[in-house]
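S.K.: Below are the sequence and a predicted model; questions follow.
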Amino acid sequence: MAQTMNETMTRNPHYDILFEPVKIGPVTARNRFYQVPHCAGMGHRYPFANAAHRAIKAEGGWAVVCTEESEIHHSSEISPATESRIWDEKDIPALQLLTDGVHQHGGLAGIELVYIGYHGPNRYSREIPMAPSHTVADSYEPIQARAMNKKDIRNLRRWHRQAAIRARDAGFDIIYAYAGHDMSLPWHFLSKRHNLRMDEYGGSLENRVRLFRELIEDTKDAVGDKCAIAVRLAVDELLGDSGITSDGEGRDIIAMLAELPDLWDVNISNWANDSMTSRFSTEGFQEPYTAFVKSLTTKPVVGVGRFTSPDTMVDQVRRGVLDFIGAARPSIADPFLPNKIESGRENDIRECIGCNICVASDNVVAPIRCTQNPTTGEEWRRGWHPEKIQPARSKESVLVVGGGPAGLECARALALRGYQTTLADSRSSIGGRVALEARLPGLSNWARVRDYRSGQLEQLAGAEVYANSTMDADLVEEFGSDHVVLATGSHWRRDGKGRQHKQPIPGLDYFPVFTPDDLLNPSFNIDDMPSGNIAVYDDDHYYMGGILAEHLAKAGRTVYLITPASEVSTWTQHTLEQGRIQTRLLELDVHILQQRRLERAGSASIETACVYTGRVETVDCQSIVMVTERAPERELYDELTARQDAGGLQKILSIQLIGDALAPGTIAAAVYGGHRCAREFGEEIEIDKAPFKREIPWFSGH
Ligand SMILES: Cc1cc2nc3c(=O)[nH]c(=O)nc-3n(C[C@H](O)[C@H](O)[C@H](O)COP(=O)(O)O)c2cc1C
Ligand code: SF4
């Protein structure tokens with residue numbers, strides 16, 4: 001039998017309102033928990049995986065579970081991104097897997113019909129994208145879209161209607177018309193930035209709304225007797241007068257269409273604003289823009305804002321801000337969030353930390369990953385359930401050394417399986433890198449990675465946690481556990497080795513060099529760094545270089561951020577944060593030196609070289625923070641395995657290295673590594689073949 005946490009507690013009556021059924025047109029949602037459309041990187045390419053990912057959420061109590069963007073026609077597709085497809089009837093069986101899975105667990109299935117317009121370059125179909133007016137693509141791709149004529153508009157309306165009928169036939173209960181994120185053609189028609197037409201579809205707001213109104217009416221007419229018709233509309237673009245605003249046209253559009261759809265799903269645009277990370281926003285951050293909607297319609301309203309606190313959710317409903325608690329990321333981090341509240345286990349919620357690794361996986365065209373939920377995307381191919389795990393194979397004991405994200409997750413999952421698990425950490429409090437990094441500006445929510453796991457470990461009978469416990473090889477041997485898992489983490493290199501320099505940078509021996517580990521040390525004082533300018537050399541390109549520059553600038557220091565890339569923290573393009581990070585650094589007067597590598601350090605200055613020409617420039621800096629590469633902490637592993645190789649440690653049956661100690665990576669990778677170790681512990685693992693099921697397209701030629 002699979003192991004789960006105790007589910008016998010009762011619901012707090014304060015949360016009863018969240019479990020009221022709500023009618024949406026011809027269908028009824030069993031409660032107020034609504035998984036809004038979100039991509040999962042599996043879509044039409046991995047339909048079994050996508051279906052299982054959605055079904056698990058219905059099992060976890062979400063009343064409505066939606067697909068991601070679902071392309072309605074081959075003339076508007078966004079390959080190589082893997083969205084859903086409902087181009088023709090051949091797509092229906094794959095979508096039926098999803099609706100069946102959601103229905104099986106009592107949920108309503110929603111589909112977001114999308115005509116992407118010029119946001120989709122049609123790399124697969126090679127059709128010319130269409131837009132309200134002639135325009136270049138919104139990426140730097142050398143593509144232009146053509147303006148639609150009346151026949152194109154009639155065609156589009158027919159395609160949308162036909163897709164709605166196919167969606168109904170595939171079993172969907174809620175069918176969307178979508179105008180949001182600056183990513184769909186109806187939105188492009190609404191926006192006076194994009195719509196320069198002079199006919200009845202352009203000019204006045206009434207004209208610009210015409211196509212969207214027609215699409216909603218067509219959909220209602222085609223399937224409205226059986227399915228609820230939802231509208232997703234961005235009511236503000238955070239662009240002031242040059243965009244749609246919630247006190248201007250956003251409000252006017254809602255007023256004009258108020259009673260037309262069965263449900264309003266409202267948010268802000270573009271995607272970087274809507275899925276804003278916790279570094280730049282707090283829970284409920286969209287309320288100032290969407291709160292007005294309920295005053296203009298009697299139809300139920302869904303809104304989003306990284307909701308994880310049941311008290312905040314109740315407050316939203318009671319104050320009449322929302323009828324449904326919309327969630328993308330909170331439902332990914334914890335598919336069982338509603339059930340946990342319902343069963344009085346709200347303290348067991350695995351709260352989203354707002355890091356957008358889920359978004360990044362979509363942006364790099366990979367199946368969904370999540371920092372907090374290592375099972376996401378693995379529901380079908382590995383059979384991993386977010387709340388259940390197979391029981392232990394034996395009564396053996398495990399010592400996990402290191403209480404960072406990998407060690408904590410490994411210990412939690414091993415103890416849940418029933419292994420007698422001891423976690424030892426050398427620091428005075430557990431959490432490893434997440435505990436330290438959560439102290440950086442805007443990252444406090446990241447401590448949830450620690451808090452969820454330490455809270456679970458406290459409840460697990462077979463788990464013991466010891467801080468202030470530095471383990472060396474003798475102590476590990478003395479401890480006498482059957483197995484040892486080492487999650488000893490990593491440290492940042494001081495010598496500059498990284499992407500640009502495969503060897504240490506010259507001259508550093510005589511120059512004050514600091515690493516992120518120094519700055520993150522709780523006893524470190526920035527005032528102890530040499531006075532004068534500080535260079536942050538970022539050859540890592542994720543968040544660390546940018547956030548340390550911010551941290552130092554906020555402490556009043558003059559900071560030079562040197563990066564070989566063309567922009568700061570370039571990988572955060574994938575987490576939708578890059579623009580905000582660069583803006584913040586510029587506003588803090590950080591000097592940004594792009595496309596330059598650190599060449600050498602002198603006595604009171606450093607030399608940087610252009611990554612293209614090699615031309616050298618001197619920068620007046622008195623210290624460097626080196627953010628290049630991390631080295632795994634594996635001394636303990638090497639010592640223990642050396643003793644084993646020499647015939648010692650015979651009582652220890654296995655020694656494993658996990659997380660950053662195996663290969664430094666993201667926090668998500670560390671959590672996943674810890675979880676995988678626990679899942680595979682004591683199991684027969686086939687390594688000559690992929691350790692998961694694959695979806696192989698066999699319908700070629702259709
Ligand atoms: C990984 C990911 C993929 C998303 N894909 C879509 C999408 O396909 N269609 C859509 O309308 N919104 C999409 N969104 C936006 C979400 O629906 C939601 O509006 C946004 O994330 C804010 O809600 P949250 O704070 O609950 O995450 C996506 C969000 C995430 C995190
Ligand atoms: S990856 Fe991060 S932002 Fe996305 S759901 Fe998980 S914890 Fe939340």
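M.R.: Cool, got the structure. Residues are numbered from 1 along each chain as shown. Ligands and ions are numbered 1, 2, ... in the order given.
S.K.: mind checking which helix or strand the most centrally placed residue in the chain is in?
M.R.: Note on the chain: the residue nearest the mean C-alpha position is residue 358, at 2.5 Å, using C-alpha atoms, centre = their mean. Element membership for residue 358, per DSSP states H and E: helix 357-363.
S.K.: what's next to the helix or strand hosting residue 57, contact-wise?
M.R.: Element membership for residue 57 (DSSP H and E) is helix 47-59. Under the criterion C-beta atoms under 8 Å, 6 or more residues apart in numbering, residues 35, 40, 42-43, 65, 67, 84, 94-95, 97-98, 100-107, 109, 331, 335-336, 367-368, 376-377, 379-381, 385-386, 693, 695 lie in contact with helix 47-59. Just so you know, the C-beta spots here come from the backbone N, C-alpha and C atoms, and that holds for glycine as well.
S.K.: State the number of residues packed around the closest residue to residue 104 other than its chain neighbours.
M.R.: Leaving aside its sequence neighbours, residue 104 sits nearest to residue 55 (C-beta to C-beta, 6 or more residues apart in numbering; 6.6 Å). Using other C-beta atoms under 10 Å, the number of residues around residue 55 comes to 25.
S.K.: One more: residue 639?
M.R.: If we define neighbours as other C-beta under 10 Å, then residue 639 has 14 of them.
S.K.: Equivalent analysis for residue 256, please.
M.R.: Residue 256: 15 neighbours (other C-beta under 10 Å).
S.K.: Which residues in stretch 295-302 does the neighbour count mark as buried?
M.R.: Along stretch 295-302, these residues count as buried under the neighbour rule (16 or more other C-beta atoms under 10 Å): 296-297, 299-302.
S.K.: circling back: gap between the residue nearest to the centre of the chain and residue 367?
M.R.: Distance, residue 358 to residue 367, using C-beta to C-beta, to the nearest Å: 11 Å.
S.K.: okay, and the common contacts of these two?
M.R.: Here residue 358 and residue 367 share no contacting residue, scored by C-beta under 8 Å, 6+ apart.
S.K.: Among the buried residues of stretch 295-302, name the ones in strands.
M.R.: 301-302 (DSSP state E).
S.K.: In CSV, list the buried residues of stretch 295-302 along with pLDDT.
M.R.: Below are the buried residues of stretch 295-302 laid out as CSV (pLDDT from 0 to 100):
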residue, pLDDT
296, 98
297, 98
299, 98
300, 98
301, 98
302, 98
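S.K.: can you tell me which two in the buried residues of stretch 295-302 are farthest apart?
M.R.: By the measure C-beta to C-beta, 296 and 302 form the most distant pair in those, at 14.8 Å.
S.K.: so where do the strands sit in the stretch 1-150 of the chain?
M.R.: Using DSSP state E, counting those that start in this stretch, the strands of the stretch 1-150 of the chain run over 22-24, 27-29, 33-35, 64-71, 84-85, 108-114, 130-131, 135-136, 144-147.
S.K.: actually the stretch 501-650 of the chain, not the one I typed
M.R.: 513-514, 534-538, 559-563, 591-594, 596-601, 606-610, 616-619, 623-627, 630-632.
S.K.: most tightly surrounded among those strands?
M.R.: Among these, strand 534-538 has the highest mean neighbour count (mean count of other C-beta atoms under 10 Å), at a mean of 28.
S.K.: For it, name the packing helices and strands.
M.R.: Packing partners of strand 534-538 (3 or more C-beta pairs under 8 Å, 6 or more residues apart in numbering; DSSP states H and E): helix 543-554, strand 559-563, strand 623-627.
S.K.: Turn those into CSV, including distance to ligand 2 and mean pLDDT.
M.R.: As requested, those are exported to CSV (distance: least, C-beta to the nearest ligand atom, whole Å; pLDDT from 0 to 100):
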stretch, distance to ligand 2, mean pLDDT
helix 543-554, 13, 98
strand 559-563, 24, 98
strand 623-627, 22, 97
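S.K.: and ligand 1, which of those is closest to it?
M.R.: The closest of the helices and strands packed on strand 534-538 to ligand 1 is helix 543-554. By C-beta to the nearest ligand atom, the value is 17.3 Å.
S.K.: Alpha carbons of the closest one, as PDB, please.
M.R.: These are the backbone C-alpha positions of helix 543-554, laid out as PDB (Å, rounded to 0.1, in the frame of the first residue of the first chain):
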ATOM      1  CA  TYR A 543      19.900  35.200 -10.400                       C
ATOM      2  CA  MET A 544      22.900  35.200  -8.100                       C
ATOM      3  CA  GLY A 545      25.100  37.900  -9.800                       C
ATOM      4  CA  GLY A 546      22.200  40.300 -10.300                       C
ATOM      5  CA  ILE A 547      20.800  39.900  -6.800                       C
ATOM      6  CA  LEU A 548      24.100  40.400  -5.100                       C
ATOM      7  CA  ALA A 549      24.700  43.500  -7.200                       C
ATOM      8  CA  GLU A 550      21.300  44.700  -6.000                       C
ATOM      9  CA  HIS A 551      22.100  43.700  -2.400                       C
ATOM     10  CA  LEU A 552      25.400  45.600  -2.400                       C
ATOM     11  CA  ALA A 553      23.900  48.700  -4.100                       C
ATOM     12  CA  LYS A 554      21.200  48.800  -1.600                       C
END
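S.K.: possible to save the strands of the stretch 1-150 of the chain as CSV with mean neighbour count, mean pLDDT and distance to residue 262?
M.R.: Formatted as CSV, the strands of the stretch 1-150 of the chain follow (neighbours: other C-beta atoms under 10 Å; pLDDT from 0 to 100; distance: least, C-beta to C-beta, whole Å):
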stretch, mean neighbour count, mean pLDDT, distance to residue 262
strand 22-24, 19, 98, 5
strand 27-29, 19, 98, 8
strand 33-35, 30, 98, 13
strand 64-71, 29, 98, 12
strand 84-85, 26, 96, 21
strand 108-114, 29, 98, 11
strand 130-131, 24, 97, 28
strand 135-136, 16, 93, 33
strand 144-147, 17, 96, 31
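S.K.: would a markdown table of these with distance to ligand 2 be doable?
M.R.: As requested, the strands of the stretch 1-150 of the chain are exported to a markdown table (distance: least, C-beta to the nearest ligand atom, whole Å):
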| stretch | distance to ligand 2 |
| --- | --- |
| strand 22-24 | 24 |
| strand 27-29 | 22 |
| strand 33-35 | 12 |
| strand 64-71 | 14 |
| strand 84-85 | 19 |
| strand 108-114 | 18 |
| strand 130-131 | 31 |
| strand 135-136 | 32 |
| strand 144-147 | 31 |
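S.K.: With distance to residue 631 as extra columns, can I get those in CSV?
M.R.: Shown next, in CSV, are the strands of the stretch 1-150 of the chain (distance: least, C-beta to C-beta, whole Å):
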stretch, distance to residue 631
strand 22-24, 54
strand 27-29, 51
strand 33-35, 41
strand 64-71, 39
strand 84-85, 42
strand 108-114, 45
strand 130-131, 50
strand 135-136, 45
strand 144-147, 48
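S.K.: closest to residue 415 out of the ones you listed?
M.R.: Nearest to residue 415, of the strands of the stretch 1-150 of the chain and by C-beta to C-beta, is strand 33-35 at 28.7 Å.
S.K.: That closest one packs against which elements?
M.R.: Judged by 3+ C-beta pairs under 8 Å, 6+ apart, strand 33-35 is in contact with strand 64-71, strand 324-327.
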